[in-house]
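Asker: could you look at this predicted model? Sequence included:
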Amino acid sequence: MPSQKGRELPASSPEYQWVASVIRSVEQRTGSPTRWNKQVFEELDPGVLGSAHADGAMTVSPGRVLDPVRHAYTGGRPLTNDENYRLRDAAATVTHEAVHLSSHYGDPTVPGAHPTHDPAGRALEEGQAEHWTHRNLDGVIADVGLDRAAPGVLTQPSMDAYPAYTSASADLNSALAARTGQSTDEIATRLIGTERTQRWNEAADMVIDQRLGGLMPESHRDAVRAQVVAPARAEFEKLATAQADKSLNSAQKTMLARDAASRAISGMDQAVGHAEQHYQNWYQQEAARQAPQQTAQQSATPQGQQTTPQQAGSQQAQQTGPQQAGSQQAQQAGQQAGPQQAQQSGPQQAQQTAPQQGQHSAPQQGQQAGPQQGQQSSPQQGSPGGEPRPEPVQQGQAQATNQQTTPSTGQAASPEVAKLRAMMSGQAPASGAVHVNGNSTDGARADRNGQSAGQQATRTTKTPTPERG
């Protein structure tokens, strides 16, 4: 929903200074320089709690954000539970918008850049911002001294503004942490600090570097990365419909988010596993093909002039020209395939990494895992000595689908998830779904569940289920 700038807060006002202190806290904790332009405006739209604008300005609701904060410092009495709950929500709103301001757009014209405000990009950005807010809100509250003015704010639950996005981002971060040996907070900080146009690529690179180091030629990275990113973006894109659907409650949106994240992670794993097998097969085939040549060379060596292991490795690299087993595409000049070939010979030939569940142990139909045996070609152009190089991985690996199983586990989805999937399948984005461009605002937080300010004034429940939008 659109955000509307109202009156600008004077820089000398206590409200402005409090917002500025939150922004500084978030900047320090994320380690990412803020793009805040030092302007804070009152938000005119009664359905929006706050937003971060493309020009670096922030808007905040005077009634739903500034009033609870002002009352905490000047009320002269302990706050009630409901007042503390509203105060925590106000602090979460400004923190969330400050995270957006610590997130930079990047250059959309760079090769491999992804859209920042399409449904998938918005889901990742809002999910990361809200997840970071939940993980760090108590620390930010302490940084600005709000806990000293209203100690009860720390006892209240945090409301999830984007239940269809937050859990998906949280699960993605946890999966990346498990695959890289980092903590989930380190992953979150790393992704928030990465320009939005490159954030999907950064997530893919984490998995690629862990699984394909020493196997994949660096010149293949762009192609492999695109195949790893595709299933994740496809699943996150679907969440826009769930987030905007007012017929779903927060728990149902969270359920769909976790299901989508599971399928996104599985699709990434399958794409990397496919590439891993592709390169392993190629190097093993090369090692097996060159073994008879090395034996023949050693047999032909005159007695007393036995080849040392180092010389044998050098000769092996020199014998690869016309003997290549497949047509290759030009790779980066200077890259050596010899040492990798030697590492793949012997006992390791029988130690291929098992494909993940649901993958084929052989190349998929229509693909080549490596150069076909028996096919001859001339030495590769651009390769010193004509050394053979693996071909790039071809398109065609498994992508995220609407099948009724969770790919990462192979277990059937719960009946509730299957029902929600069926209900959401094929739907256009529901009324209220956001499709905006790079000049649009971030995090235009709707008032809870679309209720009016008057309705919210009578809310007494403390269950953290409503949305900020």
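Answerer: Nice, thanks for sending it over.

Asker: tell me the buried residues in whichever strand or helix holds A204?
Answerer: If you go by DSSP states H and E, A204 is part of helix 199-212. Neighbour-count burial for helix 199-212, with 16 or more other C-beta atoms under 10 Å as criterion, is recorded at 199-208, 211-212. Every residue, glycine included, has its C-beta placed from N, CA and C.

Asker: cool, and stretch 148-162?
Answerer: Buried, per 16+ other C-beta under 10 Å, within stretch 148-162: 149-150, 152-153, 156, 158-162.

Asker: got a markdown table for those residues, with distance to M255 too?
Answerer: A markdown table is the format used below for the buried residues of stretch 148-162 (distance: C-beta to C-beta, whole Å):
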| residue | distance to M255 |
| --- | --- |
| A149 | 37 |
| A150 | 34 |
| G152 | 31 |
| V153 | 29 |
| Q156 | 24 |
| S158 | 19 |
| M159 | 18 |
| D160 | 13 |
| A161 | 17 |
| Y162 | 14 |
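
Asker: can you tell me which of those residues is nearest H134?
Answerer: S158 (5.2 Å; C-beta to C-beta).

Asker: residues in contact with that closest one?
Answerer: 88, 92, 133-134, 137, 464 (C-beta atoms under 8 Å, 6 or more residues apart in numbering).

Asker: which ones among those residues lie within helices?
Answerer: 88, 92, 133-134, 137 (DSSP state H).

Asker: give the buried subset of these as a ChimeraX selection command.
Answerer: To isolate the buried ones among these in ChimeraX, judged by 16+ other C-beta under 10 Å, type:
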select :88,92,133,134,137
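
Asker: closest to G56 among the ones in helices among the contacts of S158?
Answerer: Proximity of these to G56 was ranked by C-beta to C-beta; the top entry is T133 with 19.2 Å.

Asker: I'd guessed that closest one sits against T95; true?
Answerer: Yes: contact criterion C-beta atoms under 8 Å: T133 and T95 qualify, at 4.9 Å.

Asker: re earlier: same list, the buried residues of helix 199-212, but as JSON lines with pLDDT and distance to Q297 please.
Answerer: Shown next, in JSON lines, are these (pLDDT from 0 to 100; distance: C-beta to C-beta, whole Å):
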{"residue": "R199", "pLDDT": "98", "distance to Q297": "51"}
{"residue": "W200", "pLDDT": "98", "distance to Q297": "48"}
{"residue": "N201", "pLDDT": "97", "distance to Q297": "44"}
{"residue": "E202", "pLDDT": "97", "distance to Q297": "46"}
{"residue": "A203", "pLDDT": "97", "distance to Q297": "46"}
{"residue": "A204", "pLDDT": "97", "distance to Q297": "42"}
{"residue": "D205", "pLDDT": "96", "distance to Q297": "40"}
{"residue": "M206", "pLDDT": "96", "distance to Q297": "42"}
{"residue": "V207", "pLDDT": "94", "distance to Q297": "40"}
{"residue": "I208", "pLDDT": "95", "distance to Q297": "36"}
{"residue": "R211", "pLDDT": "91", "distance to Q297": "34"}
{"residue": "L212", "pLDDT": "92", "distance to Q297": "32"}
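
Asker: so where is the protein shaky, pLDDT-wise?
Answerer: Where the chain drops to pLDDT under 70, the residues are 1, 296, 299-390, 393-440, 443-469.

Asker: do that again at 80, thanks
Answerer: For the chain, the stretches flagged by pLDDT under 80 are 1-2, 291-469.
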